[in-house]
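Enquirer: turn this into a model:
(one chain, ligands or ions: 1)
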Amino acid sequence: MARVNPLQCPFCDNYLRAPLDIDFGKIELTGGICACSAVYVLDRTGHNLGAIFMDALTFACKGEIDKALSLNPEDYESVDYNYDPHSNSLCRTGKSCKLVFVRLKKPLTGKNNKN
Ligand SMILES: [Zn+2]
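Expert: A predicted model of the protein is given here:
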């Protein structure tokens, strides 16, 4: 019997809605945001985690790629899960998709007045 775990935030245990298509202009991804400010991004193939992880960091930085690139590993927490989009649930094994969660430990400073 397959054990089904509903989609929940790993940081605050909130139940989350299924990932949605999001277009930041610079990047497009499928994911969502939790009430605790964690973000999650779907990797449909399950084989592209590096790129998806970068997308998740950029998403957490509200689309600012420079900011995402300047983050240190101690600046954020991350978790990845296997995910079944058909049942919107997490699963332990599988040829399923991957879902990457990222949460910044410190809120972003809003002082980025380069323009
Ligand atoms: Zn959360």
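
Enquirer: partners of the least confident helix or strand in the chain by mean pLDDT, with directions?
Expert: Within the chain, no helix or strand scores below strand 89-91, which has a mean of 86 by mean pLDDT, DSSP states H and E. If you go by DSSP bridges, strand 89-91 pairs up with strand 5-6 (antiparallel), strand 76-84 (antiparallel).

Enquirer: gap between the spatially closest residue to Phe53 that is not a sequence neighbour and the ion?
Expert: For Phe53, ignoring the flanking residues on the chain, the nearest one in space by CB to CB, 6 or more residues apart in numbering is Val100 at 5.5 Å. Using the backbone N, CA and C atoms, a C-beta is placed for each residue, glycine as well. Remark: distance between Val100 and the ion (CB to the ion, to the nearest Å) = 14 Å.

Enquirer: name the SS class of Val100, please.
Expert: In three-state terms, and counting by DSSP: H, G, I helix; E, B strand; the rest coil, Val100 is strand.

Enquirer: how about it, what does it touch?
Expert: By CB atoms under 8 Å, 6 or more residues apart in numbering, the residues touching Val100 are Tyr40, Val41, Asp43, Leu49, Ile52, Phe53, Ala56, Ser78, Val79, Asp80.

Enquirer: if we go to 6 Å?
Expert: Applying CB atoms under 6 Å, 6 or more residues apart in numbering, we find Val100 in contact with Val41, Ile52, Phe53, Ala56, Asp80.

Enquirer: let's have the strands paired with strand 89-91 in CSV, adding mean neighbour count, mean pLDDT and distance to the ion.
Expert: Below are the strands paired with strand 89-91 laid out as CSV (neighbours: other CB atoms under 10 Å; pLDDT from 0 to 100; distance: least, CB to the ion, whole Å):
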stretch, mean neighbour count, mean pLDDT, distance to the ion
strand 5-6, 12, 88, 14
strand 76-84, 18, 93, 11
